[in-house]
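Asks: Give me the fold of what follows.
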Amino acid sequence: QVQLVESGGGLVQPGGSLRLSCAVSGITLDYYNIGWYRQAPGKEREGVSCISSSDGSTFYATSMKGRFTTSRDSAKNTVYLQMNNLEPDDTAVYYCAAQRVGATTYDVWGQGTQVTVSS
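Replies: Numbers count the residues shown, from 1 in each chain. Have a look, this model is predicted:
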């Protein structure tokens, strides 16, 4: 059974940092791209970043470049999202999702973790 479990969310002050984790089971990162998405209240879900299965290449939404970093630990089958210099607009539920190589959509989603940026 494929499962993605996010953790690491919480309340942080503006300018602070958080590291989210996405623990993956049932598949290996060698064959799946992993994406991070977020959804703020009243807004549509938006892409944050993704990391390629093949070589670990990373891609970011424009507003996250320079502040967010995605990485993976293949031995732990875990993907991370390091978020620095957080802003109130980053408040959202963050999800990770797995996309089988060659597929056009993300097949499996985690349950999400809440990130709240507030003073």
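Asks: centroid residue for the protein?
Replies: Centroid-nearest residue in the chain, with Cα atoms, centre = their mean: residue 36, separated by 2.9 Å.
Asks: moving C-terminal of the one helix or strand it maps to, what's the next helix or strand?
Replies: Element membership of residue 36, judged by DSSP states H and E, is strand 32-39. Sequence-wise, the next helix or strand downstream of strand 32-39 (DSSP H and E) is strand 46-51.
Asks: Note down every partner strand of that next one and its orientation.
Replies: Using DSSP bridges, strand 46-51 pairs in its sheet with strand 32-39 (antiparallel), strand 58-60 (antiparallel).
Asks: Export only the CA atoms of that strand, formatted as CSV.
Replies: Extracted as CSV, the C-alpha positions of strand 46-51 are listed here (Å, rounded to 0.1, in the frame of the first residue of the first chain):
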residue,chain,number,x,y,z
GLU,A,46,-0.9,25.6,-5.8
GLY,A,47,2.4,23.8,-6.6
VAL,A,48,5.3,24.6,-4.4
SER,A,49,8.2,22.4,-5.6
CYS,A,50,9.1,19.0,-6.9
ILE,A,51,12.0,16.7,-6.9
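Asks: now the helix or strand of the chain with the lowest mean pLDDT, how far from the chain's geometric center?
Replies: Between all helices and strands in the chain, the lowest mean by mean pLDDT, DSSP states H and E belongs to strand 58-60, at a mean of 92. Centroid separation between strand 58-60 and its chain, computed with Cα atoms, centre = their mean, to the nearest Å, is 11 Å.
Asks: again with stretch 102-109
Replies: Counting by Cα atoms, centre = their mean, stretch 102-109 comes out at 15 Å from the chain centroid.
Asks: sorry, back to before: make JSON lines out of the strands paired with strand 46-51 and add distance to residue 103.
Replies: Glycine gets a C-beta too; all of them are placed from N, C-alpha and C. JSON lines is the format used below for those (distance: least, Cβ to Cβ, whole Å):
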{"stretch": "strand 32-39", "distance to residue 103": "9"}
{"stretch": "strand 58-60", "distance to residue 103": "16"}
